[in-house]
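In: okay, structure incoming, though there's no sequence with it:
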């Protein structure tokens, strides 16, 4: 197999974050039925995991105010996970009541970012997550942990790999089955990605690691390539590259799922995902949002009529 | 939009100030085919040629070569392709023995470009063996460097690796360059693979100027700013001042009344 010969994983799990991370960072409030339609379309593409919504107070994140309706309204396809964000115990209980069967918690490798983003220190946030993890464990609900600012922080600048490793380890020890390392402002390069992963891999087994790269500086695919060359086999991405960067006005954020799949297909790596159906889902949501796709593959394909 | 000659000259001069060592200045083709390059002689004569910087120009035939040298060119480029159909349809695309002979006689270095190395808009898939064959031919004719172009940006690290493996059997890696297009967003990943395989010459275009003529509205050239950002992040020395480069990109985008295609530029303006 082409991918095996090159030392790359044979299979890569794509975690689709468009409906949550993507839409949360789009200005236009999307109607509930459009969100549900998007998720249902994504469920048919072969994507193994789709981040559905966030059980946070609508005061902070108006886009996710309809979290209950979305959770209850989507089709649940067998073999597809539908994780939701739950920043605290209250959100966790609401999520479970609405039918969630997997949850995520968001930590950060930067104190400043933690305080500005979720209004508490890293340590305080870990305590909240531990409450969630404990309840989740009792109910057999898997928990995914995110570490933001893994390659840089909009407030602190440089982030040392040891700090990322430390926060990752806290999340892993509390029971998170997977740690998604996020380059929140997209400043990372293959150089910093490698150094960060080397530090984290000392604390967390490879199979439990994921990368969540932003394309704000155009580095996402190169960073993802570096990660998968090091054995990482889980990649987060967002259909049509939904979700701009809240720290750089007008700049892009999430890497586009279509562009990631195009690259992985070209490397002979199996993802189980049908690129064309993802492009169609991307086309649907961009039409609904009245915006251009951020996916270069979609841009090129729809203009030449070829894939 | 036809860019005025003084704007072109200013662009080239600004680029030379960034630390870039090679700047492709213009093309000595008939203005009938490429109106944008009609002012080739004026541009060549108008720029300030800094010591240590090369200003290669395209010369598809002997006539163009002679005009280029007369206008002060000290390095030229010729274009071949790994696809027969592409060669037929793209008129600037056949390897001219006369140019090679004249360049050798005049001690003018010649850079060879091979188009469609990872795919062709007409033929589709291109065999690595064909790319290796064309590259070998150009190298044996006397080109000091062969720039392998993913003309429609369709390549991925997988096909890049396969193609380079084949070409490196025929041409020493020190004489190879990659010219990646970002039409499918793969350029930096493809360049990264090439670097990992030992390639150390990379083509790029400030602000990602130059769309794809084969996919309406799609992007073409990879942005030099984004490339330099990655290389510096890898600790690789380029000699280029990224800020000056971004300023140059801003200049030409303003002159063209268009947005930059460089993500680094887009992001940096706002922070």
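Out: In hand now; what should we look at? A quick note: this is a predicted structure, and the numbers were derived from the prediction, not measured. Numbers count the residues shown, from 1 in each chain, chains lettered A, B, ... in the order given.

In: excluding residues flanking it in the chain, which one is nearest residue A:37?
Out: residue A:284 (7.1 Å; Cβ to Cβ, 6 or more residues apart in numbering or on different chains). All C-beta atoms are positioned from the backbone trio N, CA, C, and that covers glycine.

In: now the strands for the chain?
Out: Assuming you mean chain A. A:13-16, A:49-50, A:84-85, A:103-108, A:143-148, A:178-183, A:209-213, A:234-237 (DSSP state E).

In: chain B was what I was after
Out: Using DSSP E, strands in chain B cover B:26-27, B:57-58, B:76-81, B:110-115, B:145-150, B:176-180, B:202-203.

In: could you dump those strands to TSV with distance to chain A and mean neighbour count?
Out: TSV is the format used below for the strands of chain B (distance: least, Cβ to the nearest Cβ, whole Å; neighbours: other Cβ atoms under 10 Å in any protein chain shown):
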stretch	distance to chain A	mean neighbour count
strand B:26-27	25	24
strand B:57-58	25	25
strand B:76-81	19	24
strand B:110-115	17	25
strand B:145-150	11	25
strand B:176-180	11	24
strand B:202-203	13	21
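
In: for chain A, what's its nearest residue on the stretch 51-200 of chain B.
Out: residue B:156 (2.4 Å; Cβ to the nearest Cβ).

In: what count of nearby residues applies to that residue?
Out: Look at residue B:156: counted by other Cβ atoms under 10 Å in any protein chain shown, it has 24 neighbours.

In: which residues touch the closest residue to it other than its chain neighbours?
Out: Distances taken as Cβ to Cβ, 6+ apart put residue A:266 closest to residue B:156, at 2.4 Å, once the chain neighbours are dropped. The contact partners of residue A:266, taken as Cβ atoms under 8 Å, 6 or more residues apart in numbering or on different chains, are B:155, B:156, B:157, B:158, B:159, B:186.

In: need those residues in a markdown table with pLDDT and distance to residue A:82, can you?
Out: Shown next, in a markdown table, are the contacts of residue A:266 (pLDDT from 0 to 100; distance: Cβ to Cβ, whole Å):
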| residue | pLDDT | distance to residue A:82 |
| --- | --- | --- |
| B:155 | 98 | 35 |
| B:156 | 98 | 30 |
| B:157 | 98 | 31 |
| B:158 | 97 | 31 |
| B:159 | 98 | 35 |
| B:186 | 98 | 30 |
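
In: that older thread, residues contacting the residue nearest to residue A:37?
Out: A:37, A:38, A:41.

In: most surrounded residue in those residues?
Out: Among the contacts of residue A:284, residue A:38 has more neighbours than the rest - 27 neighbours, counting by other Cβ under 10 Å.

In: ok, now how distant is the closest residue to that one other than its chain neighbours from residue A:244?
Out: Nearest non-adjacent residue to residue A:38, counting by Cβ to Cβ, 6+ apart: residue A:285, 5.0 Å away. Distance from residue A:285 to residue A:244, counting by Cβ to Cβ, to the nearest Å: 14 Å.

In: those two: which is more packed in?
Out: residue A:285 (25 against 21).

In: just checking, that one touches residue A:241?
Out: No. Counting by Cβ atoms under 8 Å, residue A:285 stays clear of residue A:241, with 10.8 Å between them.

In: which neighbours do these two share?
Out: Counting by Cβ under 8 Å, 6+ apart, nothing touches both residue A:285 and residue A:241.

In: pretty sure the residue of the stretch 51-200 of chain B closest to chain A is touching residue A:260, no?
Out: No. Contact criterion Cβ under 8 Å: residue B:156 and residue A:260 do not qualify, at 10.9 Å.

In: point out where the chain drops to low pLDDT.
Out: Using chain A here. Applying pLDDT under 70 to chain A flags residues A:1-5, A:303-307.

In: hmm, I had chain B in mind actually
Out: In chain B, residues with pLDDT under 70: B:91-92, B:269-271.

In: how about the closest residue to residue A:30 other than its chain neighbours, what does it touch?
Out: Among residues not flanking residue A:30 along the chain, residue A:23 sits closest, at 5.6 Å (Cβ to Cβ, 6+ apart). When contacts are counted by Cβ under 8 Å, 6+ apart, residue A:23 touches A:30, A:35, A:63, A:242, A:243.

In: top of these by number of neighbours, please.
Out: Most surrounded of those: other Cβ under 10 Å gives residue A:242, at 32 neighbours.

In: tell me how far the nearest residue to residue B:181 once chain neighbours are set aside lies from residue A:296.
Out: Once flanking residues are discounted, residue B:181 sits nearest to residue B:153: 3.4 Å by Cβ to Cβ, 6+ apart. Using Cβ to Cβ, residue B:153 is found at 8 Å from residue A:296.

In: more neighbours, these two?
Out: residue B:153 (28 against 25).

In: quick one: residues contacting the more buried one.
Out: A:300, B:180, B:181, B:182, B:183, B:184, B:186, B:187, B:212, B:218, B:219, B:220.

In: same thing with residue B:165?
Out: Contacts of residue B:165 (Cβ under 8 Å, 6+ apart): B:128, B:197.

In: quick one: it from residue B:192, how far?
Out: Distance from residue B:165 to residue B:192, by Cβ to Cβ: 16 Å.

In: do the same with residue B:216
Out: For residue B:216, the distance to residue B:192 equals 28 Å [Cβ to Cβ].

In: more neighbours: these two, which one.
Out: Shown here are residue B:216 and residue B:192; by other Cβ under 10 Å, residue B:192 has more neighbours (24 against 12).

In: residue contacts, the closest residue to the more buried one other than its chain neighbours?
Out: Distances taken as Cβ to Cβ, 6+ apart place residue A:222 nearest to residue B:192, at 4.8 Å, with adjacent residues excluded. By Cβ under 8 Å, 6+ apart, the contact list for residue A:222 reads A:189, A:190, B:188, B:189, B:191, B:192, B:230.

In: one more time with 7 Å, if that's ok
Out: A:190, B:188, B:189, B:192, B:230 (Cβ atoms under 7 Å, 6 or more residues apart in numbering or on different chains).

In: likewise for residue B:188?
Out: For residue B:188, the contacting residues are A:218, A:219, A:221, A:222, B:222, B:226, B:227, B:230, by Cβ under 7 Å, 6+ apart.

In: over to residue A:82?
Out: Residues in contact with residue A:82 (Cβ under 7 Å, 6+ apart) are A:50, A:52, A:74, A:76, A:101, A:102.

In: could you redo the last one with a cut-off of 8 Å?
Out: Residue A:82 is in contact with A:39, A:49, A:50, A:51, A:52, A:71, A:74, A:76, A:100, A:101, A:102, counting by Cβ under 8 Å, 6+ apart.
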